[in-house]
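*Asks:* With the input below, show me the fold.
(chains A and B)
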Amino acid sequence: MTASVTDISPGVGGLAGGYAPLAGIYDEMFDAGAPRPHCRGLLAGLEKIGPGELARRWEQAQRLIRDNGMTYSPLGDPDRATRPWDLDGLPLVIAAEEWRTVTAGLAQRARLLNAVLDDLYSSQRLLQRGLLPAEFLFAHPGFLRPIHGQRISGGCHLQLYAADLARSADGRWWVVADRSESPLGAGYALENRIVIARMLPGVIRECHVQRLAGFFIALRETLQNLAPQHRENPRIVILSKGPRSPSYFEDAYLARYLGYTLVETGDLAVRNDRVLLKTLGGLLQVDVIVRRLGSGQCDPLELRGDPALGVPGLLQAARSGNVVVANALGSGLVESAALMAFLPGLCRELLGEELLLPSVATWWCGQEEGRRWVVEHLDGLAVRAAYRRDRQPQISSEVLESMSRDELAAAIQARPWEYVGQERVDRSTAPIRAQGTWQAARIALRAFAVASGASYKVLPGGLVRVANESAPLDVSILAGQGSKDAWVLADGPVEQVSLLKPGGQAVELRRSGAELPSRVADNLLWLGRYVERAEAAARILRTVLVRLSGESHSDVLDDPAGLLRAMAAQGLIEPGFVVEGIRQQMPAVDQVLPAAVLDERQASSLRATLAALYRAASVVRDRISIDSWRIIVRIDRDVEWPEGRTADPADLLALINPLVIDLAAFSGLVAESTTRTQGWRFLEIGRRLERAMNTISLVRHALLSEAAPSAAVLDAVLETADSQMTYRSRYLATLELAPVLDLLLTDETNPRSLAYQLVALCDHVEHLPRDRTQALRGAEQRLAMRALNSIRMVDEAMLGGRPGGEDHVQLDRLLQRLAEQLPKLSELIAHKYLVHAGVPRQLAEYRAEGDG
Amino acid sequence: MKYKVTHTTTYEYSETVPLCQNEARLAPRNLPGQVCRYHRLVIRPEPASLGRRIDYFGNTVHFFSIHAGHRRLSVTSISKLDLERPAPPLVSPAWESVRESLGRDRSLPGLDAYQFCFDSPHAAGGEALAEYAGASFLPGRPIIEAAAELNRRIHADFTYDTTATTVSTPLEEVFRKRRGVCQDLAHVALGCLRSLGLSARYVSGYLRTHPLGQQPQLVGADASHAWIAVYCGPAGWVDFDPTNNVEVVGEDHITVAWGRDYGDVCPINGTYIGGGQHNVNVAVTVAPLE
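*Replies:* Below you'll find the model as predicted:
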């Protein structure tokens, strides 16, 4: 369609100066050049703030989004090009009166779809009475027959329902899609609100914008009431597809906001028809599962999905009533476009009501009349997949849009039931801020309803998606378009509600948070290791770079027994650099340092370690504080350099210096702002193990090999181990090997020493959950103690021996033994606490006629 | 005829399996002419839990899990049956009239028949299959006659070959190669019939084992077998065995379960942890009882 620019009328002045809605299209904010009455409050508020201040606040809001790591696909892209959430600063305002109509329509639709599900998964009377053509169900790829007949507590299949709404030129809202499988977006809507509320706190109050918290309180109540047992304090988990799924940000966000444990299928196991959560402390029964993956992926035993993705036996556990899954398994059946064609009749029959909120006109090609109509009107209609399964359309809209008329007709002819024709809605526009001006953009609104008692409660707001052009806005909610906050106005001032205080009930005091799944503990351990590994690499690189760019250049770096050996041991540079004879043929060290810092393809480079750190942190982001996460995001950005540009030592230093500070900030937060739960312990165990190993490696390679290290090497090692200050305060400037060895190995008061790490490890291992009735210590306890004792047995002779002499050989052997024991300790801990089970596999199906 | 069927499936693993969860569809159905008087499932090692339910298609499903570490799992199903199948009707309506009636009849049996007209994961229709089937389904031909001829043609055109296909070979490939085992041939027949808009289901079961030399041995004895049933309107469901070119009239075929295709009635499926390599062994005996 073509849009012409209307004259700018005097009403659209001030901030919105020059805003030009499209002719013939409904604009959400302006009507005939003047602001719509319900938008005046927002516009007045924005005028009052003024453009300069608004721009400043907008900057801040952008930073908040960035710092919160708010993305729509944290690890979805293989190249890690994560895109931050694109939120527009101008909210969509909806009048109170109008929203009441939408609310009634949405609640009715949710009840209706729930009733349809209840029928199709039990008696199927709708088919017998001809209210729904049987072929709709029989051809549906998402009709999961093993689910038929399952017990549904209270008959409620849909705890959460969402609808995508579009407004046509005449100002009416149409439902363009129903979402019942496991609707996404409520978390993003909430996060949008938090950002905008921080940007426009006064305006949001003065405009009487309804709050969103009430919706989430209702969601929590509903989920709590689902629990078959333990009604008082049920264990509710959010079952996520994991950090590689596009919805992971929201999964983690909701888990944290609602206070539930975020789990992946590997965290759950079914025993005796009960779903159990594998935690450090053992297996704990789960009462309610909020599922964020498609029904067909939930149980590889009965539904034959990917065995690594689902929970074998979940369906039987749900059937026996020991666990409730929300939304109920199979509920995706009704989010298919084909059903829309039948909703008005179904609504009359099932609810005895007229359908309040119309669907966009839809014809299903699975029936003769529908097919004929669609094929005859291909030019005016959008052809879409009739069915969805596991949250995916059978054929993507993009593919269908790219097909010619003849291709579409042929496709419909071949498999008619797979297609619908839908009228296109000429969606409304709203202004968005772009390059300093306001521009008209097409919008779509995803609205949410939550089951509450016998009916549904609608979120006063929603997730607004924005497209700058008039292209169809029906691709995935996570496809990376812009978004807006939606403000639903109240009739009067709005009461404060908070999720933290549900209805004046006294909260039982507890000392531990939600249980720690073994998989999370494993990732925390690795996060600790990567943070420490990054710090060790950054420190040694910095020490070398400082010397390369300063005066003290040559003496340290020319000494192959010194830092280069330690760097080679860490994998930062090739081992050839420290091998006499080969070394002479290698490029100068400063030639390879840029790759050691920046090249992600080099396995042990600083950049590669940071990437691993970021990945480990993303997996446990619901377990670390928001501030810690912000630092992780910063750490990930600290070491970035444009491809192709050469970096000299000064450039590299400029990258590494802030990184060292950010890594320290992360450690500080872990030390000061993390409660001493088992999760913290695993993070710490990871750090201590890694630091102990790095210290051993540094001492052995830089100080104990070959001849006596020079003062310059001693100084560089102290700097690398962050112990220069301590040394100077004790020994002033006299650099001797023995006191350096003491400080780095045996001094239990130096947080950088090996002995300090071993003391900490002993303590952590001691406090891991264990069977207290066992008389003897566990293998991992014994190993940690043996390591600590051996370092405590080191005497002065060993430290003060002649370089290269017998005493140092003994010390080196001791360190070598420790270097072998520490990985074993890590393994013992992993076996005892982390490896609860392997990945489930499917039995080879033997064929009928199996004697071949 | 009275039978005792013993069906043993043994899984052997190279490494210990600490946990497995399984489903079995091994208990024979009751149907006109077939009464299962006795059924027992013997599972070794002893399962931690064993339950039973009826699935969407009316088949009996046993589900069990084993929590004790094991390297060998055996499942033996023992059943005793009385078989006296009524002869299929001699006359049947024209196949087009059966096709027209499907979908119009919204009674429970009508809907039950209608659901098997639709594509299923292992047995979907297609142009090539429709064309192949069309040679038998001539205008106005009685449906049983046409289906019997299709059955004969599949038997003649396809080579029984246990190495040509696996469980996951797509139907198009089976059709192109003209080779496969009984379950492949059943899927070809289902795809053909569904391509024409007819209703047909997959039947899993057993064939009578004849003592060697007494009677021609049927292919598929000593193993679990598969064939199809076609909905013939007022003439009801009539079974055909494309592997053996038999219109199922006699008492050699014992029905265990039916569904849209193999995926709905797989005799044993399950998931397990660990195990390393595993192999499967199946032994079936169908012994007539005097």
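
*Asks:* secondary structure class for the residue nearest to residue B:3 when sequence neighbours are not counted?
*Replies:* Spatially, and ignoring its direct neighbours in sequence, residue B:3 is nearest to residue B:81 (5.0 Å; Cβ to Cβ, 6 or more residues apart in numbering or on different chains). (C-beta placed from N, C-alpha, C; glycine too.) Of the three states, residue B:81 takes strand under DSSP: H, G, I helix; E, B strand; the rest coil.

*Asks:* Number of residues surrounding residue B:81?
*Replies:* 22 (other Cβ atoms under 10 Å in any protein chain shown).

*Asks:* Next up, the contacts around it.
*Replies:* B:2-3, B:5, B:28, B:34-37, B:254 (Cβ atoms under 8 Å, 6 or more residues apart in numbering or on different chains).

*Asks:* can you check residue A:492 too?
*Replies:* Applying Cβ under 8 Å, 6+ apart, the residues contacting residue A:492 are residue A:208.

*Asks:* Check it and give its pLDDT.
*Replies:* Note for residue A:492: predicted pLDDT of 80.

*Asks:* secondary structure element for residue 238?
*Replies:* Looking at chain A here, since you left the chain open. If you go by DSSP states H and E, residue A:238 is part of strand A:236-240.

*Asks:* I was thinking of chain B, sorry if that wasn't clear
*Replies:* Secondary structure from DSSP H and E places residue B:238 in strand B:237-241.

*Asks:* near chain A, anything from that strand?
*Replies:* No. Counting by Cβ under 8 Å from any Cβ of the partner chain, chain A is not contacted by strand B:237-241; separation bottoms out at 11.5 Å.

*Asks:* who's in contact with that strand?
*Replies:* With Cβ under 8 Å, 6+ apart as the criterion, strand B:237-241 contacts B:88, B:92, B:144, B:147-148, B:150-151, B:182, B:189, B:201, B:203, B:225, B:227-232, B:246-248, B:253, B:255.

*Asks:* what about 6 Å?
*Replies:* Here strand B:237-241 makes contact (Cβ atoms under 6 Å, 6 or more residues apart in numbering or on different chains) with B:88, B:144, B:147, B:151, B:227-232, B:247-248.

*Asks:* From the chain's centroid, how far away is that strand?
*Replies:* The chain centroid and the centroid of strand B:237-241 are separated by 11 Å under Cα atoms, centre = their mean, to the nearest Å.

*Asks:* Strand partners (parallel or antiparallel) of it?
*Replies:* Strand pairing for strand B:237-241, determined by DSSP bridges: strand B:225-231 (antiparallel), strand B:246-247 (antiparallel).

*Asks:* Can you tell me the centre-most residue of chain B?
*Replies:* Taking Cα atoms, centre = their mean, the centroid of chain B lies closest to residue B:204, which sits 2.2 Å from it.

*Asks:* Surely that residue and residue B:257 touch.
*Replies:* Yes. With contacts counted by Cβ atoms under 6 Å, residue B:204 reaches residue B:257, the gap being 5.2 Å.

*Asks:* hey, what's in contact with both of the two?
*Replies:* What both residue B:204 and residue B:257 touch, as defined by Cβ under 6 Å, 6+ apart, is the set residue B:265.

*Asks:* Now do the residue of the stretch 151-290 of chain B found nearest chain A against residue B:261, distance only.
*Replies:* Residue nearest to chain A within the stretch 151-290 of chain B (Cβ to the nearest Cβ): residue B:162, separated by 2.1 Å. For residue B:162, the distance to residue B:261 equals 19 Å [Cβ to Cβ, to the nearest Å].

*Asks:* hmm, back to that, Three-state assignment for the residue of the stretch 151-290 of chain B closest to chain A, please.
*Replies:* coil.

*Asks:* Report how many residues lie close to residue B:32.
*Replies:* Residue B:32 has 10 nearby residues by other Cβ under 10 Å.

*Asks:* What does the pLDDT read for the nearest residue to it once chain neighbours are set aside?
*Replies:* Of all residues beyond its chain neighbours, the one nearest residue B:32 is residue B:86 (6.3 Å), with distances taken as Cβ to Cβ, 6+ apart. At residue B:86, the model reports a pLDDT of 85.

*Asks:* before we move on, what SS does residue B:86 have?
*Replies:* Assignment for residue B:86 (three-state DSSP): coil.

*Asks:* what helix or strand is residue A:709 on?
*Replies:* Going by DSSP H and E, residue A:709 is not in any helix or strand.

*Asks:* Can you tell me the closest non-neighbouring residue to it?
*Replies:* Leaving aside its sequence neighbours, residue A:709 sits nearest to residue A:703 (Cβ to Cβ, 6+ apart; 5.3 Å).

*Asks:* Quickly note the distance from that neighbour to residue A:736.
*Replies:* Applying Cβ to Cβ to residue A:703 and residue A:736 gives a distance of 12 Å.

*Asks:* Just want to know which of those two has more residues nearby.
*Replies:* More neighbours surround residue A:703 than the other of residue A:703 and residue A:736, with 25 against 13 (other Cβ under 10 Å).

*Asks:* max-length strand in chain B?
*Replies:* Longest strand in chain B by number of residues, with DSSP state E as the criterion: strand B:2-17.

*Asks:* List the buried residues in that one.
*Replies:* B:3, B:5, B:7, B:9, B:11, B:13, B:17 (16 or more other Cβ atoms under 10 Å in any protein chain shown).

*Asks:* From these, which shows the smallest pLDDT?
*Replies:* residue B:17 (88).

*Asks:* Is residue A:432 located within a helix, as I assumed?
*Replies:* No. Counting by three-state DSSP, residue A:432 is not part of a helix but strand.

*Asks:* What degree of burial does it show, as a neighbour count?
*Replies:* 22.

*Asks:* Please give me every residue in contact with it.
*Replies:* Taking Cβ under 6 Å, 6+ apart as the test, what residue A:432 contacts is A:88, A:439, A:441, A:466.

*Asks:* Would you double-check that residue B:42 falls in a strand?
*Replies:* Yes. Applying three-state DSSP, one finds residue B:42 inside a strand.

*Asks:* who are the neighbours in contact with it?
*Replies:* Residue B:42 neighbours (Cβ under 6 Å, 6+ apart): residue B:76.

*Asks:* Any idea what it is bridged to?
*Replies:* Here residue B:42 sits in beta bridges with residue B:76, going by DSSP bridges.

*Asks:* quick one: it and residue A:761, what's the gap?
*Replies:* For residue B:42, the distance to residue A:761 - Cβ to Cβ - is 51 Å.

*Asks:* same question, residue A:334
*Replies:* Residue A:334 is 54 Å from residue A:761, by Cβ to Cβ.

*Asks:* Report pLDDT for residue 33.
*Replies:* No chain specified, so I'll use chain A. Reported pLDDT for residue A:33: 83.

*Asks:* That was the other one, I meant chain B.
*Replies:* 90.

*Asks:* Next, count neighbours for it.
*Replies:* Residue B:33, neighbours per other Cβ under 10 Å, totals 13.

*Asks:* dump the residue contacts of it.
*Replies:* Counting by Cβ under 6 Å, 6+ apart, residue B:33 makes contact with B:84-86.

*Asks:* Sketch out the low-pLDDT regions of chain B for me.
*Replies:* Low-confidence segments of chain B (pLDDT under 70): B:209-221, B:249, B:290.

*Asks:* got it, and the stretch 751-852 of chain A?
*Replies:* For the stretch 751-852 of chain A (pLDDT under 70), the answer is A:771-772, A:834-840, A:844-852.

*Asks:* swap the cut-off to 90 and go again
*Replies:* A:767-779, A:796-809, A:823-824, A:826-852 (pLDDT under 90).

*Asks:* residue boundaries of the helices in it?
*Replies:* A:754-766, A:779-792, A:796-800, A:806-829 (DSSP state H, counting those that start in this stretch).

*Asks:* Check which helices and strands the last one is in contact with.
*Replies:* The one in question is helix A:806-829. Where contact means 3 or more Cβ pairs under 6 Å, 6 or more residues apart in numbering or on different chains; DSSP states H and E, helix A:806-829 is packed against helix A:678-698, helix A:779-792, helix A:796-800.

*Asks:* Take those and write them to JSON lines, including mean neighbour count.
*Replies:* JSON lines is the format used below for these (neighbours: other Cβ atoms under 10 Å in any protein chain shown):
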{"stretch": "helix A:678-698", "mean neighbour count": "24"}
{"stretch": "helix A:779-792", "mean neighbour count": "18"}
{"stretch": "helix A:796-800", "mean neighbour count": "15"}
